[in-house]
Structure formats: structure tokens, C-alpha cells
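>>> Here's a sequence, model it:
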Amino acid sequence: LIQKLADPASGLLVVEKYDLTAVVPVDPGLWVVGAGVTEIAVGLALVAGFFTRGAAAVSFVLFTTTLFGLPDDPVLAHVALFGLASAVFTLGSGPLSVDRWIGRPAVDDGEPVIPTE
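As a prediction, this is how the structure comes out:
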């Protein structure tokens, strides 16, 4: 939030340094605001457990894009985040998540699994 929205000058420098407006031709300020809002929305969705697997997939794509798209991006900073995003995508949401409140899980604890033929 602070890096992109409260101090957009550093974000504008990144957009200029990597010529991101050539990738998607929009105003550099829109790049910074879009990145900040996307990161905040994905982070809040993961914390709340809302659309958990989708948010984890989006975060994995964001990490991959910054890792391979920005040549001087530190790899070690993303290793733990890749692992966490992969684990959340694989395991899904926890028992206190919004996903569990608004939708029924595929199999409840203690419910027998009926095999298909």
C-alpha cells in the first residue's frame, strides 16, 4: 500500500525503468495504481479466505511475473512466497474462512466418501 499508493514516485520509476507502458499501453500512473490495488485485493482475499484458491493462483502469477519479468528482482525474496501461494492453492481455505461460510465444502469432516463407478 505505502510503496505504490502512498508513494507513487517509486512505482513510477519502476514503470519507466522497465518500460512497462510498452507491454500495456496505459498511463504510468494507472500502472502504479493498478498494481497497488491488485496486490491489496489479492492480499485481503487471502487473509479473509475469500475465493482462496483463485487468489492464490493470482498471487502465484504476480510473483512469477515479477520474478521473470524484472531481471534484477531478488529471487530469494520470492521463494517463500511461491511456497506459500502453492500451499494455499493446493490446500484451500481453512475452517474460519469466508469460503467455508458462503459455500459448502466438497466433503465435510466425518462424512463418508462415496466412490463413483
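>>> Against which helices or strands is the longest helix along the chain packed?
If you go by DSSP state H, the chain has its longest helix at helix 28-48. Secondary structure elements in contact with helix 28-48, counted by 3 or more Cβ pairs under 8 Å, 6 or more residues apart in numbering; DSSP states H and E, are helix 8-17, helix 20-23, helix 52-69. The C-beta positions use only the backbone N, C-alpha and C, and glycine is treated the same way.
>>> rerun at 10 Å
The helices and strands touching helix 28-48, judged by 3 or more Cβ pairs under 10 Å, 6 or more residues apart in numbering; DSSP states H and E, are helix 8-17, helix 20-23, helix 52-69, helix 76-91, helix 98-102.
>>> which stretch among those comes nearest residue 43?
With Cβ to Cβ as the criterion, residue 43 lies closest to helix 52-69 of those, at 8.0 Å.
>>> just the angle between that closest one and helix 8-17, please?
For helix 52-69 against helix 8-17, the angle by axes from the mean of the first three to the mean of the last three Cα atoms, to 10 degrees is 60 degrees.
>>> Enumerate the positions of helix 52-69 that are buried.
Buried residues in helix 52-69, defined by neighbour count with 16 or more other Cβ atoms under 10 Å: 52, 55, 56, 57, 58, 59, 60, 62, 63, 67.
>>> before we move on, what about stretch 22-29?
residue 28.
>>> what about it, average pLDDT?
Per-residue pLDDT values over stretch 22-29 give a mean of 89.
>>> please begin residue numbering at 33 from this point
Done: numbering now begins at 33, and the last item shifts to stretch 54-61.
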